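Student: need a 3D model of the following:
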Amino acid sequence: MFGSIKMSNKYIIQNSPFIVPTNDGKLIEEHFGNLTDKNSNISIAHMVAPPGWSEPFQTPNFEEFTYIIKGKKQFIIDDETIILEAGQSIKIEKNIRVQYSNPFKEECEYIAICIPAFSIDLVNREE
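Tutor: Numbering: from 1, shown residues only. This next block holds a predicted model:
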């Protein structure tokens, strides 16, 4: 498989996640998913969103679970604004319009899990 993954017939250890190239200052480290182990059923990524970061609205064809490790993250789900802080988590159902952002002064570190796995073809970002 990949040199960054240690495998046995009982487990897989991810030693070197795939760093997804971005142009917005956000760190995306995919540990498991389409880009690392070709798993299209689930993706697990460690993220760090810098202060002032945001994405366009999107309507993903996957469920997304987010667990905040450090800082705060803002979610606009349809017309409702939700702010999560460290230790909180959220599940957003698939086919729901959402915008993710960090309009705060400190970076936000979090884990994102998508079922099925994140794919740019499934995210449906608005232009």
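
Student: mind listing the helices in the chain by residue range?
Tutor: For the chain, applying DSSP state H gives helices covering 120-123.

Student: where does the prediction get shaky in it?
Tutor: For the chain, the stretches with pLDDT under 70 are 1-5.

Student: hmm, try it at 50
Tutor: Scanning the chain for pLDDT under 50 picks out 1-3.

Student: most centrally placed residue in it?
Tutor: The residue lying closest to the centre of the chain (C-alpha atoms, centre = their mean) is Ala112, at 3.7 Å.

Student: that one and Glu63 touch, don't they?
Tutor: No. Counting by C-beta atoms under 8 Å, Ala112 stays clear of Glu63, with 11.0 Å between them. Any C-beta I mention is one placed from the backbone N, CA and C, and that applies to glycine too.

Student: can you pull out the strands in this protein?
Tutor: 5-7, 12-14, 18-19, 27-32, 43-49, 53-54, 63-70, 72-77, 80-85, 89-92, 98-102, 108-115 (DSSP state E).
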